[in-house]
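Engineer: Got a predicted structure plus its sequence, pasted below:
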Amino acid sequence: MNPDKLFDYLDGKLSASERAQMEERFVSDPEARRELTVARQIHASMTDSREVVGIAEPSPTSERGPVLARRIMIVFMVLVLANVTFGIYAIFFMKNRQRAKQRTEQNRTELRQSLSQTAAAALPTPTLGIEEITFSAPIAEQNEFANTVVDEAKRAGGSAVKGLADEHGILLFAEIPTARVKEFREALKKLGANIPATTTETNPGDKTILQVRIAGGQ
């Protein structure tokens, strides 16, 4: 909108029809209302300055050109400042969103790594006197070995279940009748298992629990 029209509107120098047209535009155009707000602030500050120094209202013929130029320059500077401020705010807002997204992805990555480490740690060394039998097998063959161990447990009158499996290997738990543990151990030994010194003779129960670990190998 023409700044001269804005200031003429504020000075009451427009005709009734022009004033009505301006007011209709203010109602329908948000940008025009914003320009009016800026012009009203400038107009008020200029009026206050004239009252303080006691300067008379400049005549239209001698001062209109410089005053109009100053008004246009001030309006232009205010609008540029508003646009720059909005641009800085938009950039700051987008940067914050990007940093928040990066932090979320980092947290998810750390959580996945923590869970992976926990799963690896879940393949513990034998505890509470549980005997551990170990196999060394390539990763591609480990699942087949695990199925063979389950089958041998069934042949010995017991059962076996697969526990956790990860890139470090497969862990199984076998429950074998105590009287047939030796038979089960011998069957796994033939498959290439590393059998520890027997402890079943000291087991007073009807069944013995053994731990079978299949770890990576060449």
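Structural biologist: Structure received.
Engineer: how much space is there between the residue most central in space within the chain and residue 98?
Structural biologist: In the chain, the centroid-proximal residue (CA atoms, centre = their mean) is residue 104; its distance is 2.3 Å. When distance is defined by CB to CB, to the nearest Å, residue 104 is 11 Å away from residue 98. To be clear about C-beta, it is placed using only N, CA and C from the backbone, and glycine gets the same treatment.
Engineer: now residue 82
Structural biologist: Taking CB to CB, one finds residue 82 at 25 Å from residue 98.
Engineer: now swap in residue 151 and tell me
Structural biologist: 55 Å.
Engineer: what's the answer for residue 41, then?
Structural biologist: 36 Å.
Engineer: Could you do residue 38 as well?
Structural biologist: Taking CB to CB, one finds residue 38 at 33 Å from residue 98.
Engineer: and those two? which has more neighbours close in?
Structural biologist: Neighbour count, other CB atoms under 10 Å: between residue 38 and residue 98, residue 38 has more, with 16 against 10.
Engineer: so what's that one up against?
Structural biologist: Residue 38 makes contact with 75, 78, 79, according to CB atoms under 8 Å, 6 or more residues apart in numbering.
Engineer: In helices, which of the residues you listed appear?
Structural biologist: 75, 78, 79 (DSSP state H).
Engineer: Give me the PyMOL select line for those, limited to the buried ones.
Structural biologist: Remark: buried members of the ones in helices among the contacts of residue 38, expressed as a PyMOL selection using 16 or more other CB atoms under 10 Å:
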select buried, resi 75+78
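Engineer: can you list the ones in helices among the contacts of residue 38 in TSV and add pLDDT and distance to residue 215?
Structural biologist: TSV is the format used below for those (pLDDT from 0 to 100; distance: CB to CB, whole Å):
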residue	pLDDT	distance to residue 215
75	72	79
78	73	74
79	76	72
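Engineer: of all the ones in helices among the contacts of residue 38, which comes closest to residue 179?
Structural biologist: Using CB to CB, residue 79 comes nearest to residue 179 of these, at 95.2 Å.
Engineer: Using the record's domain definitions, break this structure down for me.
Structural biologist: 3-95, 131-216 (automatic domain parsing).
Engineer: For those domains, which has the smallest mean pLDDT value?
Structural biologist: Within the domains of the chain, confidence is poorest for domain 3-95, with a mean of 72 (mean pLDDT).
Engineer: how long is that one from one end to the other?
Structural biologist: Distance between the boundary residues of domain 3-95 (CA to CA, to the nearest Å) amounts to 36 Å.
Engineer: coming back round to it: most neighbours per residue, which of the domains of the chain?
Structural biologist: domain 131-216 (a mean of 16; mean count of other CB atoms under 10 Å).
Engineer: Tell me the gap between it and the middle of its chain.
Structural biologist: 43 Å (CA atoms, centre = their mean, to the nearest Å).
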